[in-house]
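K.L.:
the following block contains a protein sequence and its predicted model.
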Number of protein chains: 2
Amino acid sequence: MALKFDILHTSGKSRLGKLYTKHGVVDTPAFMPVGTCATVKAMMPESVAATGAQILLGNTYHLMLRPGADLVQKMGGLHKFMNWNKPILTDSGGFQVMSLSGLRKLTEEGVAFSSHVDGKKFFLSPEESINIQYKLDSNITMCMDECVKLPASHEVVKKSTEMSMRWARRSRDAFIDRDGYGIFGIQQGGDYQDLRQYSAEKLKAIGFDGYAIGGLAVGEGQEKMFEVLDYAPGMLPEDKPRYLMGVGRPDDIVGAVLRGVDMFDCVMPTRSGRTSQAFTARGTINIRNARHREDPRPLEAECDCPLCKNYSRAYIHHLQKCNEVLAVMLLTWHNIRYYQRLMQGIRHALAEDRLQEFVQDFYAKQALGDIEEI
Amino acid sequence: MALKFDILHTSGKSRLGKLYTKHGVVDTPAFMPVGTCATVKAMMPESVAATGAQILLGNTYHLMLRPGADLVQKMGGLHKFMNWNKPILTDSGGFQVMSLSGLRKLTEEGVAFSSHVDGKKFFLSPEESINIQYKLDSNITMCMDECVKLPASHEVVKKSTEMSMRWARRSRDAFIDRDGYGIFGIQQGGDYQDLRQYSAEKLKAIGFDGYAIGGLAVGEGQEKMFEVLDYAPGMLPEDKPRYLMGVGRPDDIVGAVLRGVDMFDCVMPTRSGRTSQAFTARGTINIRNARHREDPRPLEAECDCPLCKNYSRAYIHHLQKCNEVLAVMLLTWHNIRYYQRLMQGIRHALAEDRLQEFVQDFYAKQALGDIEEI
């Protein structure tokens, strides 16, 4: 087996696990901060590690454009290039080609597109995607698939899912097995249970080191997503990690863990750090709001990040008003730390068989809203 | 005496000293990074301290506009507000009122102006400037003065210097003496030796904890500046620190130390960090240059900052091309560290009586230029 995965404990559908890679262990349920262009925006990698993050996600689409996979390989791989010695998962690039690039043409063979940066032309096939992820030295390579926006008709989703499963086969064939490295298949099928089942069977027949649930968090809303998650994870092998791509908000993650998901990634904590949004146990706070202007209290008294330990709300508010980089640095750090504390809380609760209690407390605190204005 | 200053050693006109403040000791010759809006741009304060910086400069003009001196005072002073527990020097605000604000009117009483941020109207007098700096809890308060752009006629400089000396008297009278806090007078007089002498005599008659040399680095060029520095520092008291305001490039600092200056501040290292410029022993490097694209070597092999220890030139080049915040963070850190290493080198050389040798080596290395292209 290329990637070892141990399930230490279960509670209902939820699982406490450990995923072993060449670059270290990932405790699951895990949240992966996104390091799009070989950097988690506005963070030093040692600070990312200090938040408790054990694995990052890199974006193949961005890295193939700049600086290019060959250059990263020449520099000793993505870990060395960006000074992150822990595990890295890379996506296939397919999703972002479809959402970001210009002039794209999708065929059975792959997708031709031009770079959103300089218009340069590229062709991405399942084989090329796997090859790029190899050059990046990614610990977890993702299959290339097509992701349909919801809502979509059964016919459209079926046709797309069938092609994604052919691409999954081609991706698996192109992947070179090595100890501590693995490849994940991606279940598609939209919100159609029969297509999710079809996709799961196809993937299991091929055999992967882990299984992602794709095609969700694409505009369908949380209720619909949870409906799919009520059945989709259970179709995937019990003994392999399950990864819900691109999710999500804290309550999305809590709900998905309850439904048997082990891994998550999202730009939410980093992007919010750049738009004055802070995640807290008592909900989301916009630090630009005038109520914080003279508030000497920390953003979140219980948090141990540098922002909450060393600064007042008044100071962060001031930095934001002055568009100071330090505001982005501190808010990003706080938000990633919030997500990691959430995952640590979930894992501790799982280990101690009190996940239901943890979840109730999570929702109760979120409902409180921010502390009283001063 | 409100601020104690010990001269430990001299070599020619150069002095090795220690300045004692309420918030700690400053080894001189010293370089002060600039923390304009209660933050050294793109740096955590603990990182600024890690570079070896022992004192920061804060800008009264910016802070009086945002967040306002009363708010900073309410939050426990600037040290606590920005989480910097070492010494802070603040300028008077006068210089930046004249360079940044709109609709200003200068009279003997002070200067009326409108904020460049929102047009709000303010009046800054010597008394008000000192009061603001008191509220900020600045360790070193600067007199309010007028600074004339060079070249300027003897008559213009004389008139301005005379007013600045009246303002120096008013500033000193408004200052409240406390242990560990002090006020510096500012010598004006442009490039006229008689006016520099006049200004020095006036300031000495008033009596200050330190003396700044103002009105230089305002467009006169290094040669002209050094001409003035050949005589101006010697007019000021031997036993007090001498501070050359707004200077400068590394070779400006070396030349000024040789002429008897003890303290410096400049936005150069921080501003350059935002424009891809890196200072090194072998001169200035623009990391955006294509020659760095595939260069696996560190920016400066001898440097111990995170950028030089953990990353290739290729990586920093990549971050710059992608406009990543981390590029600014790392380059700023490197540049401040470069300045602090320069000052540490000067101090060590002074302590070991080999300043001339150090200076020769400094110029020889600067003349080499960057390492050969790979």
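P.N.:
In hand now; what should we look at?
K.L.:
okay, CA-based contacts and neighbour counts for the rest of this
P.N.:
Will do.
K.L.:
beta partners for residue A:112?
P.N.:
residue A:105, residue A:123 (DSSP bridges).
K.L.:
could you tell me how many residues sit around it?
P.N.:
18 (other C-alpha atoms under 10 Å in any protein chain shown).
K.L.:
what's near enough to touch it?
P.N.:
A:103-106, A:121-124 (C-alpha atoms under 8 Å, 6 or more residues apart in numbering or on different chains).
K.L.:
contacting residues around the closest residue in space to residue A:310 that isn't next to it in sequence?
P.N.:
Once flanking residues are discounted, residue A:310 sits nearest to residue B:83: 6.3 Å by C-alpha to C-alpha, 6 or more residues apart in numbering or on different chains. By C-alpha under 8 Å, 6+ apart, the contact list for residue B:83 reads A:310-311, B:45.
K.L.:
any idea how far residue A:261 is from residue B:83?
P.N.:
40 Å (C-alpha to C-alpha, to the nearest Å).
K.L.:
ok, residue A:238 to chain B distance?
P.N.:
40 Å (C-alpha to the nearest C-alpha, to the nearest Å).
K.L.:
likewise for residue A:211?
P.N.:
For residue A:211, the distance to chain B - C-alpha to the nearest C-alpha - is 32 Å.
K.L.:
what of residue A:222?
P.N.:
With C-alpha to the nearest C-alpha as the criterion, residue A:222 and chain B are 32 Å apart.
K.L.:
isn't that residue up against residue A:252?
P.N.:
Yes. Taking contacts as C-alpha atoms under 8 Å, residue A:222 lies within contact range of residue A:252: 7.0 Å.
K.L.:
hey, what's the residue nearest in space to the middle of chain A bridged with?
P.N.:
Against the mean C-alpha coordinate of chain A, by C-alpha atoms, centre = their mean, the closest residue is residue A:265 at 1.1 Å. Beta bridges link residue A:265 to residue A:32, judged by DSSP bridges.
K.L.:
next one: residue A:58
P.N.:
residue A:90.
K.L.:
for it, what are its contacts?
P.N.:
Contacts of residue A:58 by C-alpha under 8 Å, 6+ apart are A:34-38, A:88-91.
K.L.:
at 10 Å what do you get?
P.N.:
A:32-40, A:78, A:88-93, A:133, A:136, A:138 (C-alpha atoms under 10 Å, 6 or more residues apart in numbering or on different chains).
K.L.:
please apply the same query to residue A:251.
P.N.:
A:222, A:257, A:359, A:362-363, A:366.
K.L.:
circling back: quick check on the contacts of residue A:112: which are buried?
P.N.:
A:104, A:124 (16 or more other C-alpha atoms under 10 Å in any protein chain shown).
K.L.:
of the contacts of residue A:112, closest to residue A:198?
P.N.:
residue A:106 (22.7 Å; C-alpha to C-alpha).
K.L.:
which residues in the stretch 101-250 of chain A form strands?
P.N.:
Ranges of strands within the stretch 101-250 of chain A are A:102-106, A:111-114, A:121-124, A:140-142, A:182-187, A:210-213, A:242-244, based on DSSP state E, counting those that start in this stretch.
K.L.:
looking at those strands, which is nearest to residue B:98?
P.N.:
strand A:102-106 (48.2 Å).
K.L.:
pLDDT on that closest one, on average?
P.N.:
Mean pLDDT, strand A:102-106: 86.
K.L.:
ok, now stretch A:350-363?
P.N.:
pLDDT averaged over stretch A:350-363 gives 98.
K.L.:
got the contact list for the closest residue to chain B within the stretch 151-300 of chain A?
P.N.:
Nearest residue of the stretch 151-300 of chain A to chain B, counting by C-alpha to the nearest C-alpha: residue A:296, 6.4 Å away. Neighbour list for residue A:296: A:311-315, A:374, B:74-76, B:81 [criterion: C-alpha under 10 Å, 6+ apart].
K.L.:
switch those residues over to a markdown table; also include neighbour count, pLDDT and secondary structure.
P.N.:
Output for the contacts of residue A:296, formatted as a markdown table (neighbours: other C-alpha atoms under 10 Å in any protein chain shown; pLDDT from 0 to 100; DSSP: H, G, I helix; E, B strand; the rest coil):
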| residue | neighbour count | pLDDT | secondary structure |
| --- | --- | --- | --- |
| A:311 | 19 | 98 | coil |
| A:312 | 25 | 98 | coil |
| A:313 | 22 | 98 | helix |
| A:314 | 26 | 98 | helix |
| A:315 | 31 | 98 | helix |
| A:374 | 9 | 88 | coil |
| B:74 | 14 | 98 | helix |
| B:75 | 21 | 98 | coil |
| B:76 | 14 | 98 | coil |
| B:81 | 24 | 98 | helix |
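K.L.:
including distance to residue A:148, could those residues go into a markdown table?
P.N.:
Output for the contacts of residue A:296, formatted as a markdown table (distance: C-alpha to C-alpha, whole Å):
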| residue | distance to residue A:148 |
| --- | --- |
| A:311 | 44 |
| A:312 | 44 |
| A:313 | 42 |
| A:314 | 44 |
| A:315 | 44 |
| A:374 | 47 |
| B:74 | 54 |
| B:75 | 52 |
| B:76 | 55 |
| B:81 | 49 |
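K.L.:
can you name the next helix or strand after the longest helix along chain A?
P.N.:
Longest helix of chain A, by residue count under DSSP state H: helix A:325-351. For helix A:325-351, the following helix or strand on the C-terminal side (DSSP states H and E) is helix A:355-368.
K.L.:
for residue A:230, see how far away residue A:293 is.
P.N.:
For residue A:293 relative to residue A:230 (C-alpha to C-alpha), the value is 44 Å.
K.L.:
comparing the two, which residue is more hemmed in?
P.N.:
Shown here are residue A:293 and residue A:230; by other C-alpha under 10 Å, residue A:293 has more neighbours (19 against 16).
K.L.:
how much space separates the nearest residue in space to the more buried one that is not next to it in sequence from residue B:134?
P.N.:
Spatial nearest neighbour of residue A:293, excluding adjacent residues (C-alpha to C-alpha, 6+ apart): residue A:314 at 4.8 Å. Going from residue A:314 to residue B:134 by C-alpha to C-alpha gives 20 Å.
K.L.:
for chain B, what are the nearby residues on the stretch 151-300 of chain A?
P.N.:
Within the stretch 151-300 of chain A, the residues that sit near chain B (C-alpha under 10 Å from any C-alpha of the partner chain) are A:293-297.
K.L.:
contact partners for the residue nearest to the centre of chain A?
P.N.:
Per C-alpha under 10 Å, 6+ apart, neighbours of residue A:265: A:30-34, A:55-57, A:89, A:243-248, A:253.
K.L.:
ok, back up a step: which one (most neighbours) among the contacts of residue A:251?
P.N.:
residue A:257 (25 neighbours).
K.L.:
quick check: that residue is in a helix.
P.N.:
Yes. According to DSSP: H, G, I helix; E, B strand; the rest coil, residue A:257 belongs to a helix.
K.L.:
which secondary element of chain A has the worst mean pLDDT?
P.N.:
strand A:102-106 (a mean of 86; mean pLDDT, DSSP states H and E).
K.L.:
closest to residue B:182 among the contacts of residue A:296?
P.N.:
Distances from residue B:182 to the contacts of residue A:296, taken by C-alpha to C-alpha, are shortest for residue B:76, at 18.9 Å.
K.L.:
residue B:264 versus that closest one, what's the distance?
P.N.:
27 Å.
K.L.:
again with residue A:257
P.N.:
Distance from residue A:257 to residue B:264, by C-alpha to C-alpha: 56 Å.
K.L.:
can you map out the helices along the stretch 151-300 of chain A?
P.N.:
Secondary structure of the stretch 151-300 of chain A (DSSP state H, counting those that start in this stretch): helices at A:154-174, A:193-206, A:222-229, A:250-258, A:268-273.
K.L.:
same for the last one, what does it pack against?
P.N.:
If contacts are counted by 3 or more C-alpha pairs under 10 Å, 6 or more residues apart in numbering or on different chains; DSSP states H and E, helix A:268-273 sits against strand A:277-280, helix A:325-351.
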